[in-house]
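Asker: sharing a model that was predicted from the sequence below.
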Amino acid sequence: MTTLAQHTQSPVTSGADLELSGISKRFASFSAVENLDLLVPAGTFFALLGPSGCGKSTTLRMIAGLEAPSEGSILIGGQDVTALPSHRREVNTVFQSYALFPHLSVLENVAFGLKRKKDKQAIDKARTGLELVELAHLANRKPAQLSGGQQQRVALARALVNRPQVLLLDEPLGALDMKLRRQMQLELKKIQTEVGLTFIHVTHDQEEAMTMADVVAVMNGGRIEQMGPPRELYELPRTAFVANFLGKSNLMRGTVSAVTDGMLSVEVVGRTILLPAERAVQTEGDVVVGVRPEKITIDRNPVDGQNQLTGTVVDVSFTGTTTEYLVDVAQIGLIGTFTQNRGQQPAAEGDTVFLGWEAEHSFGLAGDERVDAGVES
Amino acid sequence: MSVDLRSKDELRAEKRKNRTGIFLITPGLLVLALFFALPVVILLAMSLYSKPPGAEVGEFVPGLQFSNYATVLSAYWPELLRSFWFALISTVLALLIGFPMAYLVAVRLREKTLLQGILLVLLIAPFFSSFILRTQAWKQILADEGFVAQTLKFIAILPADGHLTATPFAVVAGLTYNFLPFMVLPIYANLGRLDTRLLEASGDLYASPITSFAKITLPMSAPGVFAGTLLTFIPAAGDYVNSALLGNNRDTTMIGQVIDSRFFKIIDYPGAAALSFVLMVSILILVTIYIRRFGTEELM
Amino acid sequence: MKQKIGRWLIPVIGGAAFIYLLVPIAYIFVFSFNDGGRANLQWQRFTLDNWMNPCGAPAVCQSLVHSLQIGTVATVIATVLGTGIAIGLVRYKFRFRKLTDVLIILPLATPEVVLGASLLAQFLNLGWELGYGTIVIAHVVFCMSFVIVTVRARVSSLDSRLEEAAADLYASPAAAFWKVTFPLLLPGIIAAALLSFAMSFDDFIITNFNSGAFQTFPKFIYVSATRGIPAQANVIGSAMFIVALLVVVTGQVISYRKKRQLENS
């Protein structure tokens, strides 16, 4: 794949900062987004992650100018664009349905935006854009004659050639099959690095968000629950929704009984779980303690780890690279964990097992959280 | 009670957007109001005009003479009933002939693009060779001295002193003929979208071809059948070209002919208007019952 | 056995129906070559004179020109106004929607004789002279409902996200309409216009009520029918049929070629 920089005279301009301040959007019968603040630095690959109906698409449409916010303002590169109609914003979108113009050829589709901007080299630039997505040989086809993956790439080229300050991606990989999806994820990330634009990617696929984005914002009920680099979000979720929606978590209700050297002792029905104070949202009273499944060691014999539980295996499922266990711990409930398949099988259904993990892997959430928030049913 | 959560500004913006819509529809609606709705009201008013004693032919004064209706109805109820009866038979015949045509072109010939195209053209092209010319052609084809009548007489299907023209048969055949494309085209449009894999699936689920037809093809083409029957019945009921050219005797006179001659030959405007109004209202009532009974949203 | 009957039944009935549809046209075509004098009722002998001199019979060509003129003008007006209403109804909200719907559908449910009679009542009332203008108005009214219904179906099936995509790609509302919406509606608009022209060109009943002494082609034939229709009318009817055939066939060949070309590129 050739780099776009080779084809353009001007140096690669990176995108612009995007700032949403106090954005709300209310429709006739419901409120989609409530008082949202967001700052996306220029050149960032930013993912807006959330379940359907969380307001992420509405947010995207407001940035694109397809929807006007009820309150608040939108700034791109420091300039207030709230009142600017869609066609005058330096923002382009790759739509979920691609929205390719069926009556125009692939090349005409890609040149559409440039022509509207009266760019004299519209056709040349469109060809270059098609080369970037490796579809130059299909320039004269109609969109209906392309496969889903090809259509997706045309939609991407159509948005990219305009060199927008901000590029919006509205679940653009949703319609592709798993294999193509992985491939497109890598390509998208590569293109973004090359052109240095600000990408805002809306998705409900947490794996997609984590593999592609520099920064992920998890949205729920019209608000942002937590925002940060994917690893940070995964390792230290601050709400039960994030803990459950981004990967899986074991969450247990307890009460802080002591604080020693920055370490909280949490009483969970008669057992003590250790939790570093800096990894807890609150350090006193009722809390919810969590731990990711892969942090837990499981064996028939006693295991290492500052935190220990015992229980009975109620379910074992083999997934190829790993084996997943569901362990029933008396009065606490089901705890999930898994082991890499390296020959040995540490436990079978009905076995009494020991579970252990280090205190530094625990995280603490507010005591009034619903432990099943964000669990995908 | 639902409260609109949007601000006043937003509601105003929506109103502004909808102003474009009002701009788009106003000219057309104005034409319909001035030259459809208003004329119907005038027609209604005219149907109640009365003729002052000693007035000249064609001279009437505005009034509320409801007896006009009784007068024309008592004189012309057979023609009115006959119109609906002929229209009904023609519609049923057109459906029986038109459905296989539409099915043949839309489904059977789906793979044979060229033949499908040719037949489709043949379906549309007759519109351009004047329908009166075609009706007149039927009259000559079916004429007493014509080939068809002579042959039928020769093989004794038709008695020696029988006629084909100037019979209810000729009028109904003409009506069926003239409105056939209006039946076929909507059904064709519907069957064209029929996914034949559904029929395979139905066959796979133990349905015989006849059952598949009854349970899949027919229900899925219902909106087309519905539109086609209306587009055939309504103009057929008001038509008078067929009855005038192919019939033109007491057994075939339809209400359209009566209205035409009341207007232009007898110059009885109130009578003609009253009959027109009766025709319009009866068709509306029939159509409403039909829509209530079988209707689909798609027609609107 | 049952299945075999089913297989043959549809092509047989369908084929017979097509013959039924074409018999009078064949008759018109054959008799356009008849040297039958003024009446053209009985076959006399073959001649090309009628085709060489289609305007030979008095008033035939005059009435044809009138019909073509009225068809064109009424179609343009009905298509423009009807398309506006179709787009407005699907894309915008306003009050009196139900009433508007009724106003559009009602002309379709009104027999021509009533439409003609009511318009005549209107024109008599206004004291307008019947002729070219009144015919055009009458044709616009009954064509418009067909245009609205046809184009509206097209507008409803149009993906409004395409317009959003256009706006997103720097197209002003006007540019989005002319570059995206309009080209996508065009096949529907053309179909509506063709239908409109055919209906106007072929209309007799409504025209008869509102034309006064003005002659159109269908009216000319109807009036001549009692005395016998000159063979030149057959020539014109056949020619119109052939022209329509050629136009549609050419259109299909072009679109077929285009498709093939795109597939091979």
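Answerer: Here it is on my side, so go on.

Asker: residue 244 - how many residues pack around it?
Answerer: If you meant another chain, say so; for now it's chain A. Counted with other CB atoms under 10 Å in any protein chain shown, residues neighbouring A:N244 total 20. Yep, even glycine has a C-beta here, placed from its N, CA and C like the rest.

Asker: please refer instead to chain C.
Answerer: 19.

Asker: okay but it is in contact with B:F128, surely?
Answerer: Yes - C:A244 is in contact with B:F128 according to CB atoms under 8 Å; the separation is 4.0 Å.

Asker: in the stretch 51-200 of chain A, which residue sits nearest chain B?
Answerer: A:S70 (5.8 Å; CB to the nearest CB).

Asker: what about that residue, distance to B:L11?
Answerer: Distance, A:S70 to B:L11, by CB to CB, to the nearest Å: 11 Å.

Asker: same question, B:I283
Answerer: Taken as CB to CB, the span from B:I283 to B:L11 is 42 Å.

Asker: and the gap between whichever residue of the stretch 101-250 of chain C sits closest to chain B and C:L9?
Answerer: In the stretch 101-250 of chain C, the residue that lies nearest chain B is C:P111 (2.3 Å; CB to the nearest CB). Separation of C:P111 from C:L9 (CB to CB) stands at 34 Å.

Asker: between the two, which has more neighbouring residues?
Answerer: Each of C:P111 and C:L9 has its neighbours counted (other CB under 10 Å); C:P111 has more, 27 against 11.

Asker: sec struct for A:V33, please.
Answerer: The three-state assignment at A:V33 reads strand, by DSSP: H, G, I helix; E, B strand; the rest coil.

Asker: contacts only, for the residue lying closest to A:A32 once chain neighbours are set aside.
Answerer: The spatial neighbour of A:A32 that comes closest, neighbours along the chain excluded (CB to CB, 6 or more residues apart in numbering or on different chains), is A:T58 at 4.2 Å. A:T58 makes contacts with A:25, A:32-33, A:67, as judged by CB atoms under 8 Å, 6 or more residues apart in numbering or on different chains.

Asker: looking at this, A:T58 is in a strand?
Answerer: No - counting by three-state DSSP, A:T58 is not found in a strand; it is helix.

Asker: remind me, longest helix of the chain?
Answerer: Defaulting to chain A. Assignment by DSSP state H gives helix A:178-195 as the longest helix of chain A.

Asker: please go with chain C instead
Answerer: Ranked by residue count, the top helix of chain C under DSSP H comes out as helix C:231-264.

Asker: what residues does stretch B:167-182 touch?
Answerer: So stretch B:167-182 is contacted by B:86-87, B:89-91, B:93-94, B:97-98, B:101, B:123-124, B:126-127, B:131, B:134-135, B:138-139, B:142, B:164, B:228, B:231-232, B:235-236, B:239, B:241-243, B:245-247, B:251-252, B:254, C:17, C:20-21, C:24 (CB under 8 Å, 6+ apart).

Asker: look up phi and psi at residue 169.
Answerer: Picked chain A for this. When quoted as degrees, to the nearest 10, the phi and psi of A:L169 stand at phi -120, psi 110.

Asker: not quite, go with chain C.
Answerer: phi -100, psi 40.

Asker: and it, how far from A:V110?
Answerer: The gap separating C:L169 from A:V110 is 10 Å, by CB to CB.

Asker: overlap in contacts of the two?
Answerer: Residues within reach of C:L169 and of A:V110 at once, by CB under 8 Å, 6+ apart, are A:R158.

Asker: walk me through the domains of chain B.
Answerer: For chain B, automatic domain parsing gives the domain ranges B:1-47, B:68-299.

Asker: B:F277 contacts B:L44, doesn't it?
Answerer: Yes - between B:F277 and B:L44 there is a contact under CB under 8 Å: 5.9 Å.

Asker: higher neighbour count, B:I283 and B:L11?
Answerer: Using other CB under 10 Å, the more surrounded residue of B:I283 and B:L11 is B:I283, with 22 against 12.

Asker: which ones are touching the more buried one?
Answerer: Counting by CB under 8 Å, 6+ apart, B:I283 has contacts B:234, B:237-238, C:109-111.

Asker: and it, helix, strand or coil?
Answerer: Three-state call for B:I283 (three-state DSSP): helix.

Asker: what about it, distance to chain A?
Answerer: With distances taken as CB to the nearest CB, to the nearest Å, B:I283 is found 40 Å from chain A.

Asker: quick one, grab the pLDDT at that residue.
Answerer: B:I283 carries a pLDDT value of 92.

Asker: around chain B, which positions in the stretch 151-265 of chain C sit nearby?
Answerer: Contacts of the stretch 151-265 of chain C with chain B, taken as CB under 8 Å from any CB of the partner chain, map to C:198-199, C:201-202, C:204-205, C:208-209, C:217-218, C:221-222, C:225, C:229, C:233-234, C:237-238, C:240-241, C:243-245, C:248-249, C:252, C:256.

Asker: repeat the analysis, applying 6 Å as the threshold.
Answerer: When proximity is defined as CB under 6 Å from any CB of the partner chain, the stretch 151-265 of chain C approaches chain B at C:198, C:202, C:204, C:218, C:221-222, C:225, C:229, C:237, C:240-241, C:244-245, C:248, C:252.

Asker: which one of B:F277 and B:L44 has more residues nearby?
Answerer: A count of neighbours by other CB under 10 Å puts B:F277 above the other of B:F277 and B:L44, at 22 against 17.

Asker: what ranges do the helices span in the stretch 151-300 of chain B?
Answerer: Assigned by DSSP state H, counting those that start in this stretch, the helices in the stretch 151-300 of chain B fall at B:168-191, B:196-204, B:209-212, B:218-220, B:222-238, B:241-242, B:255-264, B:269-294.

Asker: so for the fourth one, what gets flagged as buried?
Answerer: Going back to what we said before, that points to helix B:218-220. B:M220 (16 or more other CB atoms under 10 Å in any protein chain shown).

Asker: so how far is that helix off the chain centroid?
Answerer: Distance of helix B:218-220 from its chain centroid, counting by CA atoms, centre = their mean, to the nearest Å, is 22 Å.

Asker: how about the residues of the stretch 101-250 of chain B by chain C?
Answerer: Residues of the stretch 101-250 of chain B lying near chain C (CB under 6 Å from any CB): B:101, B:103-104, B:117, B:121, B:125, B:127-134, B:136-138, B:141, B:209, B:234, B:237-238, B:241.

Asker: circling back: out of the domains of chain B, deepest packed?
Answerer: Mean neighbours per residue, mean count of other CB atoms under 10 Å in any protein chain shown, is largest over the domains of chain B for domain B:68-299, with a mean of 19.

Asker: pull the contacting residues for A:A373.
Answerer: Contacts for A:A373 (CB atoms under 6 Å, 6 or more residues apart in numbering or on different chains) come out as A:240-241.

Asker: quick check: longest helix of chain B.
Answerer: When chain B is parsed with DSSP H, its longest helix is helix B:67-103.

Asker: helices and strands around it, which ones?
Answerer: Helix B:67-103 sits against helix B:168-191, helix B:222-238, helix B:255-264, helix B:269-294, helix C:2-31, with contacts defined as 3 or more CB pairs under 6 Å, 6 or more residues apart in numbering or on different chains; DSSP states H and E.
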